[in-house]
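Undergrad: When you get a sec, could you give me coordinates for this:
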Amino acid sequence: MSLSNVFDIAGSGMNAQSIRINTTASNIANAESASSSVDETYRARKPWFAVMHKTFMEVNANNEFQSIEDGTGAGVQVMGIVEKDAPLQQRFQPDHPMANEDGYVYYPNVNIVEEMTDMMSSSRSYQMNVEVLKTAKQMLQRTLTLGQ
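TA: Residues are numbered from 1 along each chain as shown. Sure, this is the predicted structure:
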């Protein structure tokens, strides 16, 4: 693995964790938003990650190029943001301004404890990727000074 691959992999990890932190922050910000219907209620969101694989071109027996996927990972890619399937919180609050005709108010399916744990995990993962980049940079700088 070359040093440039290390930079690419750590950079993609930082990007993925940044998206994870942003979706978690959005979930926390909307945790207590009330709604009068199920359709209008905010739903917790989570990023969906996948491993990026190295690919290279190879000439087959028919002299045609074909893409071959290497078994090693080349980083992380964000495939999308998905909504959680957990049920919404339905509370009986007939005096609430957002209550429907039956007196119920709907709240998001956000679990604050889970979100805070996710926030700490993604923050630490981001920091670890920063440390990997710093270490790779130091190694590269020391390699360049070997010839002096």
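Undergrad: okay, which residue is most central for the chain?
TA: Arg20 (3.4 Å; C-alpha atoms, centre = their mean).
Undergrad: Check for me that that residue belongs to a strand.
TA: No - if the criterion is DSSP: H, G, I helix; E, B strand; the rest coil, then Arg20 is helix and not within a strand.
Undergrad: how much space between it and Glu131?
TA: 18 Å (C-beta to C-beta, to the nearest Å). C-beta here means a position set from N, CA and C on the backbone, and glycine is covered the same way.
Undergrad: quick one: Met52 is in a helix?
TA: No - counting by three-state DSSP, Met52 is not found in a helix; it is strand.
Undergrad: my read: it touches Ala16, true?
TA: No - between Met52 and Ala16 there is no contact under C-beta atoms under 8 Å: 10.2 Å.
Undergrad: which neighbours do those two share?
TA: Contact criterion C-beta atoms under 8 Å, 6 or more residues apart in numbering; residues shared by Met52 and Ala16: Val76, Gln77.
Undergrad: Who has more neighbours out of these two?
TA: Legend: neighbour count by other C-beta atoms under 10 Å for Met52 and Ala16, higher for Ala16 (21 against 14).
Undergrad: Report how many residues lie close to the residue lying closest to Ser18 once chain neighbours are set aside.
TA: The spatial neighbour of Ser18 that comes closest, neighbours along the chain excluded (C-beta to C-beta, 6 or more residues apart in numbering), is Tyr126 at 6.7 Å. Using other C-beta under 10 Å, Tyr126 has 18 neighbouring residues.
Undergrad: what do you get for Glu115?
TA: 19.
Undergrad: what do you get for Ser12?
TA: 20.
Undergrad: And for the one 3 residues further on?
TA: Using other C-beta under 10 Å, Asn15 has 16 other residues around it.
Undergrad: What of Ala44?
TA: Ala44 has 23 nearby residues by other C-beta under 10 Å.
Undergrad: And for Thr41?
TA: Neighbours around Thr41, by other C-beta under 10 Å: 19.
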